[in-house]
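> quick check, what structure comes out for this input:
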Amino acid sequence: MEKTATLIATFWNVKPFLPAVLKFAPRKVILLIAGPDDKSMEANLDAVRTTFKDTFALEKVRMPMDDIYEQAKKTVELIDREATPENLVVVSVGGGWKTLTNGVLYGCYARPQRVYRIVSNTKNLDGVIELPRLSYNLTPAKKAILMKVAGRGSKSIAEIASELHRSRAMTYAYLREMRDDGYVDESFAVTDAGKLALL
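Next up, the predicted model:
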């Protein structure tokens, strides 16, 4: 069975969008848009609709303007919805706002096994550059601790260790490693980076 592809792309203009479309020939394109809905944006969307009207299904998704966590969360939801054994997900961060690019990349890092390729554009916008599919690199044990710490309320680290059937020493060792990686702060409260890693 031949695989199909969905292209999830940050979008503000047609030019940065084209290289990924031409390289991956998607059956569906999801354009992620942040920023004002002005005449220029609508003209660019109309150009995509007109040029590719019978080539792929098109979906426009409005993204929050400056909330990287919410952008990453929405990206994760789209990846989870589109990725199947028969359908590859390609993510293009070639156009759009910088905060949107970062939010989309962080969403990809939460689902590296579900993303086929992450690409950006060459300087002249005539090709794509493949980016690494990075991950937050949390072991299942660390992720379980981070999840418990995120929802701990007034529980102590010792109580969390007990709930997870781990020694206090091992739990603290993992927390110190996660602190050094930026997932928790000095008091072991989950940071923004930790929240992204839990998506």
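> so what does the lowest-mean-pLDDT helix or strand in the chain touch, helix or strand wise?
Within the chain, no helix or strand scores below helix 39-51, which has a mean of 90 by mean pLDDT, DSSP states H and E. Here helix 39-51 touches helix 14-24, strand 28-33, strand 57-62, going by 3 or more C-beta pairs under 8 Å, 6 or more residues apart in numbering; DSSP states H and E. Heads up, the C-betas are built off the backbone N, CA and C, glycines and all.
> ok, Thr191 - contacts?
182-185 (C-beta atoms under 8 Å, 6 or more residues apart in numbering).
> save the residues you listed as CSV, and put in secondary structure, neighbour count and pLDDT too.
CSV is the format used below for those (DSSP: H, G, I helix; E, B strand; the rest coil; neighbours: other C-beta atoms under 10 Å; pLDDT from 0 to 100):
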residue, secondary structure, neighbour count, pLDDT
Gly182, coil, 12, 97
Tyr183, coil, 27, 97
Val184, strand, 23, 96
Asp185, coil, 12, 96
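> which one of the residues you listed is nearest Leu198?
Tyr183 (8.8 Å; C-beta to C-beta).
> ok, the closest one touching Ala197?
Yes. Between Tyr183 and Ala197 there is a contact under C-beta atoms under 8 Å: 5.7 Å.
> between these two, what contacts are shared?
Shared contacts of Tyr183 and Ala197, counting by C-beta under 8 Å, 6+ apart, come down to 136, 138, 146.
> shouldn't the second one be in contact with Ala197?
In this case it means Leu138. Yes. Between Leu138 and Ala197 a contact is recorded at 5.8 Å, counting by C-beta under 8 Å.
> these two: which is more packed in?
Ala197 (25 against 20; other C-beta atoms under 10 Å).
> assumed Val119 was part of a helix.
No. Using DSSP: H, G, I helix; E, B strand; the rest coil, the assignment for Val119 is strand, not a helix.
> residues in contact with the longest helix seen in the chain?
Longest helix in the chain, counting residues (DSSP state H): helix 68-82. By C-beta under 8 Å, 6+ apart, the list of residues contacting helix 68-82 from outside reads 6, 8, 28, 30, 32, 34, 61, 63-64, 89, 91, 99-100, 102-104, 106-108, 110-111, 114-115, 192, 195-196, 199.
> about what we covered before: could you identify which of the helices and strands packed on helix 39-51 is most buried?
Comparing those by mean neighbour count (mean count of other C-beta atoms under 10 Å), strand 28-33 comes out on top with a mean of 23.
> how far off centre is it?
14 Å (C-alpha atoms, centre = their mean, to the nearest Å).
> what helices or strands is it leaning on?
strand 4-10, helix 39-51, strand 57-62, helix 68-82.
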